[in-house]
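# Only the shape, not the letters, is given here:
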């Protein structure tokens, strides 16, 4: 439907899909000897890198966790 | 250089189209710049079976910039943009084997042409390239299309002639293909590592929801020019794609119905505010039906029999199997092509 009657996905979304493809091709070449005959997920660092670049190129800034926040998330002692 | 495309003189049109897409693909552009400096794919032979579109052209150019040697065929017989294919051949010397509207024989001949380049990485959309490679390597002659069989097994003795063992790995773009890959993994027949690119969050959370969502509505409107407001719009399947289609149809003031088989997804659709019902109940009330399930015969004879006259049925899933067109052919009194893409 979308590809035969219209022009398929808008470039903006294919930007992310194909960035994953390109980076995964690079990853496969580097790592193929360490990998077995299995289906692997996209490494999280590639996924995050694509999201980071997309935001950066749209001029969107995001926060970073403060040291206190990082500590809070890691610890189980403190509740309310 | 070998290639098989519709018409090389279309290249100029394709060039501007590729450029238009490039402007809206900044992440890929950034990666292309880095690839140009680092050449991480230097000398790598890659076989691509993707929709031959202006976006894919930009991916191909990125891989080439990284040093790869790329051959490309279509992952769907209907989706090829012939002008883009022409430009890739003329201006970038990419062997492209794809013609919009190619028949099944040509489709598989083109897959064969890509496999003949002995690719080391297979990049696939729907798993036909990787699937064909495996069936040849395993000698599953009965499952192969005739043109693949004649190429791979030219003599009766039956050894796969040209299938090297040089494939380092596969990359799969879409949900349907990943399901096939997982079946191969489960059956213990997968011959190399494969990455489910579809499963990246930056892929399916956006591509499937916003990409398929928007382009499916776009396709329906271009093909039919119907007004969606007030119509009963039935979405079969509430996965990432179905969700995107349903949300957009709702935004255009259609009355949206969702059908599902998974209770969790059905509940999600229900809580998202959609009418959820079974296909039997939806069939007689729907004006427009769209399948996005990844499974076969979701809309079949028993449903066609209940439908209103003039109901529109469309498939947004990867393969043309979700709507039982065969049953419709058997039931028909006659068939007319009433507009382009509408029968």
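It's in. Quick caveat, the model's predicted, so the values are computed rather than measured.
# right, and the helix or strand after the longest helix along chain A?
Ranked by residue count and defined by DSSP state H, the top helix of chain A is helix A:11-31. Using DSSP states H and E, the helix or strand that follows helix A:11-31 towards the C-terminus is strand A:39-41.
# Name every strand pairing with that next one and say which way it goes.
Strand A:39-41 has the following strand partners under DSSP bridges: strand B:194-196 (parallel).
# got the contact list for residue B:92?
For residue B:92, the contact set (Cβ atoms under 8 Å, 6 or more residues apart in numbering or on different chains) comprises B:60-61, B:64. (Glycine included, C-beta is placed from N, CA and C.)
# neighbours of residue 27, just the number please.
You didn't pick a chain, so chain A it is. Residue A:27: 21 surrounding residues under other Cβ atoms under 10 Å in any protein chain shown.
# oops, I was thinking of chain B
26.
# ok, now residue B:130?
By other Cβ under 10 Å, the residues close to residue B:130 number 27.
# pLDDT on the helix or strand harbouring it, on average?
Using DSSP H and E, the element containing residue B:130 is helix B:128-137. Mean per-residue pLDDT for helix B:128-137: 94.
# quick revisit: so which of the contacts of residue B:92 would you say is closest to chain A?
residue B:60 (9.5 Å; Cβ to the nearest Cβ).
# quick one: the closest one and residue B:6, what's the gap?
According to Cβ to Cβ, to the nearest Å, residue B:60 and residue B:6 sit 18 Å apart.
# cool, and residue B:93?
For residue B:93, the distance to residue B:6 - Cβ to Cβ - is 18 Å.
# Same check on residue B:172?
In this view, residue B:172 and residue B:6 are 27 Å apart by Cβ to Cβ.
# do residue A:48 as well
Separation of residue A:48 from residue B:6 (Cβ to Cβ) stands at 40 Å.
# Kindly report the same for residue B:325.
Per Cβ to Cβ, residue B:325 is found 25 Å from residue B:6.
# higher neighbour count, residue A:48 and residue B:6?
Each of residue A:48 and residue B:6 has its neighbours counted (other Cβ under 10 Å); residue B:6 has more, 17 against 13.
# Please verify my assumption that that one contacts residue B:100.
Yes - here residue B:6 reaches residue B:100: they are 6.6 Å apart, a contact under Cβ atoms under 8 Å.
# so what's in contact with these two at the same time?
B:80, B:82.
# And the strands in the stretch 201-343 of chain B?
Counting by DSSP state E, counting those that start in this stretch, the stretch 201-343 of chain B has these strands, from start to end: B:232-236, B:255-259, B:275-276, B:288-291, B:312-315.
# so what strands line up beside the shortest one?
What that stands for is strand B:275-276. Within its sheet, strand B:275-276 is paired with strand B:255-259 (parallel), according to DSSP bridges.
# Enumerate every residue touching the spatially closest residue to residue B:265 that is not a sequence neighbour.
Once flanking residues are discounted, residue B:265 sits nearest to residue B:238: 4.4 Å by Cβ to Cβ, 6 or more residues apart in numbering or on different chains. Going by Cβ under 8 Å, 6+ apart, residue B:238 touches B:246, B:258, B:260, B:262, B:265-266, B:268-269, B:274.
# Among the residues you listed, which ones are in helices?
Those of these mapping onto helices are B:246, B:265-266, B:268-269, per DSSP H.
# Let's verify the most centrally placed residue in chain A: helix, strand, or coil?
With distances taken as Cα atoms, centre = their mean, residue A:47 lies nearest the centre of chain A, 1.4 Å away. Secondary structure for residue A:47, judged by DSSP: H, G, I helix; E, B strand; the rest coil, is helix.
# Around residue 34, how many other residues sit close by?
Going with chain A. 7.
# look at chain B instead
Counted with other Cβ under 10 Å, the neighbours of residue B:34 add up to 16.
# ok, and for the helix or strand hosting it, which residues are buried?
Taking DSSP H and E as the criterion, residue B:34 maps to helix B:26-38. Within helix B:26-38, the residues scored as buried using 16 or more other Cβ atoms under 10 Å in any protein chain shown are B:26-32, B:34-35.
# can you put the strands of the stretch 201-343 of chain B in CSV and add mean neighbour count?
Formatted as CSV, these follow (neighbours: other Cβ atoms under 10 Å in any protein chain shown):
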stretch, mean neighbour count
strand B:232-236, 27
strand B:255-259, 24
strand B:275-276, 18
strand B:288-291, 26
strand B:312-315, 21
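# So which residues on the stretch 101-250 of chain B come close to chain A?
Where the stretch 101-250 of chain B comes near chain A, counting by Cβ under 8 Å from any Cβ of the partner chain, the residues are B:121, B:123, B:168-169, B:171, B:173, B:178, B:181-182, B:185, B:190-197, B:199-203, B:206-207, B:210-212, B:214-216, B:218-220, B:222-223.
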